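**Student:** one predicted model, sequence on top.
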Amino acid sequence: MWRFIGSRLLQAVPVILAVITATFFLVRMAPGGPFDSEKAVIPEVRAALEAQYRLDQPLASQYFAYLGDLASGDFGPSFKYPGRSVNELIAAGLPVTAELGFYALLIATLIGGLAGVLASLKPNTAQDYVPMALAMLGICMPTFLLGPLLVLLFGIRLEWLPVSGWGDLPGDKILPSLTLGAALAAYIARLSRAGMLEVLSQDYIRTARAKGLPEWQVVTRHALRGGLLPVVTFLGPAFAGLLAGSFVVESIFQIPGLGRFYVQAAFNRDYTMILGTTVFLSTLIVLFNLMSDVLAAWLNPRLRAQYGSSA
Amino acid sequence: MTTEVITDIAQAEQGTSLWQDAWVRLKKNRLAVCGLIVLLIMVMTALLTPWIAPYAFDAQNLDLGATPPSAAHWLGTDIFGRDMLTQILYGGRISLAVGFIATTVALLIGVTWGAIAGYVGGRVDAVMMRLVDILYALPFMIFIVLLMVVFGRNMLLLFLAIGAVEWLTMARIMRGQVQSLRQQEFVEAAISLGLPTSTIIRRHLVPNALGPIIVYTTLTIPGVMLLEAFLSFLGLGVQPPQTSWGLLISYGADTMEEYPWLLIYPGLTLTVTLFSLNFLGDGLRDALDVRGSRD
């Protein structure tokens, strides 16, 4: 097991380095320097600014200096808002986005998992068709459409829930979490249905039934673990999807999270801010993929046996 | 015995019967047929838009302003008095074009990459697929946002960027197909007859791997269209004066409190299109009996 984790960690290092390098040079390749603004800047001021952001140095030494900053945990300053740093914005936005993502994941796993398992138990009946049709709707209905529609229905027409904000009014966390979790719930429902159908046709399930276990025990004790394995493997990519979704959801509901900061930075062309947040978010995604791989390996006895001799 | 005879036999056994069989099975799948019909209508209207649109694309009527659906404007008008149906038709041209062109880019890169890796095998294969693995781990959604920022909001770039993301899965599928086809006798025969590698790949491997490629292509298009709409919604994709369904949804969301139809109709159009593509893709997968092409 540890060898598996170790090898996966080693694989993640070049990926993260590639992300940092690609982002750094892409941002530097952007047409027009960050200080080529409408207003003419006094040469001395400009020189001082460029020195402050190290723009007066050769590109290679800028790159290695940035790597050094990252190694010491400094993601860099913001161009547009002097005095603010990427670290401060991450510290402010990450807890909000993490909470939003957690609720969305919770909703998605509970609803999606339940729907998928129920559908798999009675395939090709109403119990299968209804949740799967809803799941198809969840996949085809984009987050940026579902969010406004939910706001229109529950916020504006019915006036049951607040239309925006995060933690300001009671219940204002419900709509964003639901919006973000819906598509994920749909994917999880499809994956868990497929996984369960596969497992339920296996010999060991027949054995469990043959020895007279009640059906609910066959399902909970024997089928679920194998059947939900595809869902666990999916959680890594799902995290990347959640982050992308949070860009939209945080913009719609005006939630001060990382996603909204990222989109704002992209909109304002705040180059250092984009660089810092991209590196941070990408590293997070790579690490999450790693964790979901490890979790899947740990749950899968065959993979565990392959790597488990040294564990 | 000549090459033609050998390949003819191989294709006669697999090829024709497979396609006819698939068509019969697809016709039985009502949802897939509906999806196909809806898509054909969408593509036709997109192609004919300049002639069938009820109003000119840039026709404004500021005195009229936003009105709900009526006989003159079937889907209502926006705050500038522009006809919504016309906007949706023109937006559809761009949304569909992004979907098809970006998917074609992905298809070309992915199929070529996967076919070469699978056919040549050995160290070349290891290096090529290792690169795919690394690219797979990169968070592309973030990179596309970054690209759009760095290079300006350019349609051509949008096509290329989205296509560059989507080819990875295609390459994996193609490689798997080619690897298993390589073992078969008709390919061995082609090799022993001394056909050049490029001919073998083009004439024998790609046609026989068409099933999974078609299925995955159909399922890639909705993903690509969703990505375009996502970027446009955030203001990082298609830019005015051009429009797309994602951009229309974004405008609609801004004014939905007063003018809900401006959100609902573009939203409905996009959702129905994505639905159709997904149903058709699922139907094709069942009809062509392709497994595991989705993930």
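**Tutor:** Happy to help now that I have it.
**Student:** which phi and psi values does the closest residue to A:I156 other than its chain neighbours adopt?
**Tutor:** Among residues not flanking A:I156 along the chain, B:E257 sits closest, at 5.5 Å (Cβ to Cβ, 6 or more residues apart in numbering or on different chains). C-betas here are computed from N, CA, C, even on glycine. Main-chain torsions, B:E257, degrees, to the nearest 10: phi -60, psi -40.
**Student:** thought A:G155 was touching B:E257, still the case?
**Tutor:** No. Assessed by Cβ atoms under 8 Å, B:E257 is found out of contact with A:G155, at 9.2 Å.
**Student:** the more surrounded of the two?
**Tutor:** Just comparing B:E257 and A:G155: by other Cβ atoms under 10 Å in any protein chain shown the higher neighbour count belongs to A:G155, 19 against 15.
**Student:** was I right about the more buried one contacting A:P162?
**Tutor:** Yes. Using Cβ under 8 Å, A:G155 makes contact with A:P162 at a distance of 6.7 Å.
**Student:** just the mean pLDDT for stretch A:127-146, thanks.
**Tutor:** Mean per-residue pLDDT for stretch A:127-146: 84.
**Student:** and that stretch with chain B, contact?
**Tutor:** Yes. Residues of stretch A:127-146 are located near chain B by Cβ under 8 Å from any Cβ of the partner chain, namely A:136-137, A:139-145.
**Student:** pick out the most distant pair among those.
**Tutor:** A:M136 and A:F144 (18.3 Å; Cβ to Cβ).
**Student:** so those two - more neighbours on which side?
**Tutor:** A:F144 (26 against 19).
**Student:** is it true that the more buried one touches B:F233?
**Tutor:** Yes. A:F144 is within contact range of B:F233, at 4.3 Å (criterion: Cβ under 8 Å).
**Student:** name the residues contacting each of these two.
**Tutor:** A:248, B:246, B:249-250, B:253 (Cβ atoms under 8 Å, 6 or more residues apart in numbering or on different chains).
**Student:** any chance of those in a markdown table, plus pLDDT, secondary structure and distance to A:E88?
**Tutor:** Listed next are these as a markdown table, based on pLDDT from 0 to 100; DSSP: H, G, I helix; E, B strand; the rest coil; distance: Cβ to Cβ, whole Å:
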| residue | pLDDT | secondary structure | distance to A:E88 |
| --- | --- | --- | --- |
| A:V248 | 86 | helix | 24 |
| B:G246 | 88 | helix | 32 |
| B:I249 | 90 | helix | 33 |
| B:S250 | 88 | helix | 29 |
| B:A253 | 85 | helix | 30 |
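**Student:** any of those residues buried? List them.
**Tutor:** Neighbour counting by 16 or more other Cβ atoms under 10 Å in any protein chain shown classes A:248, B:246, B:249-250, B:253 among the shared contacts of A:F144 and B:F233 as buried.
**Student:** can you pull the contacts of B:T218?
**Tutor:** B:T218 sits next to B:277, B:280-281, B:284 when contact means Cβ under 8 Å, 6+ apart.
**Student:** show me where chain B dips below the pLDDT cut-off.
**Tutor:** Scanning chain B for pLDDT under 70 picks out the ranges B:1-18, B:137-139, B:152-153, B:289-295.
**Student:** how far does the top helix by length along it sit from its chain's centre?
**Tutor:** Longest helix in chain B, counting residues (DSSP state H): helix B:84-120. In this view, helix B:84-120 has its centroid 5 Å away from the chain centroid, taken as Cα atoms, centre = their mean, to the nearest Å.
**Student:** near chain A at all, it?
**Tutor:** No. Helix B:84-120 stays clear of chain A (Cβ under 8 Å from any Cβ), getting no nearer than 11.8 Å.
**Student:** helices or strands next to that helix in the packing?
**Tutor:** Contact here means 3 or more Cβ pairs under 8 Å, 6 or more residues apart in numbering or on different chains; DSSP states H and E; on that basis helix B:84-120 packs against helix B:30-52, helix B:122-137, helix B:155-182, helix B:210-233, helix B:245-254, helix B:261-288.
**Student:** looking at these, which is closest to A:A194?
**Tutor:** From these, taking Cβ to Cβ, the stretch that ends up closest is helix B:261-288, at 12.1 Å.
**Student:** let me know the angle separating the closest one from helix B:30-52.
**Tutor:** Helix B:261-288 and helix B:30-52 are oriented at 130 degrees to each other (axes from the mean of the first three to the mean of the last three Cα atoms, to 10 degrees).
**Student:** and the longest helix of chain B, what's buried?
**Tutor:** Buried, per 16+ other Cβ under 10 Å, within helix B:84-120: B:84-103, B:105-107, B:109-119.
**Student:** cool, and stretch A:182-200?
**Tutor:** Result for stretch A:182-200 [16+ other Cβ under 10 Å]: buried residues A:182-197, A:199-200.
**Student:** I'd say A:F24 and A:Y66 touch.
**Tutor:** Yes. Between A:F24 and A:Y66 there is a contact under Cβ under 8 Å: 6.1 Å.
**Student:** higher neighbour count, these two?
**Tutor:** A:Y66 (23 against 19).
**Student:** the more buried one contacts A:G76, doesn't it?
**Tutor:** Yes. Assessed by Cβ under 8 Å, A:Y66 is found in contact with A:G76 at 7.1 Å.
**Student:** shared neighbours of the two, anything?
**Tutor:** A:L275.
**Student:** can you pull the contacts of A:D74?
**Tutor:** By Cβ under 8 Å, 6+ apart, the neighbours of A:D74 are A:85, A:87.
**Student:** and it, helix, strand or coil?
**Tutor:** coil (DSSP: H, G, I helix; E, B strand; the rest coil).
**Student:** distance check, it against chain B.
**Tutor:** Distance from A:D74 to chain B, counting by Cβ to the nearest Cβ, to the nearest Å: 20 Å.
**Student:** for that residue, give me the pLDDT.
**Tutor:** 79.
**Student:** quick check on it: phi, psi?
**Tutor:** Torsion angles, degrees, to the nearest 10, at A:D74: phi -110, psi 110.
**Student:** wait, what's in contact with residue 89?
**Tutor:** Using chain A. Contacts of A:L89 by Cβ under 8 Å, 6+ apart are A:78, A:258, A:261, A:273, A:277.
**Student:** hmm, I had chain B in mind actually
**Tutor:** The neighbours of B:L89, taking Cβ under 8 Å, 6+ apart as the test, are B:45-46, B:49, B:52-53.
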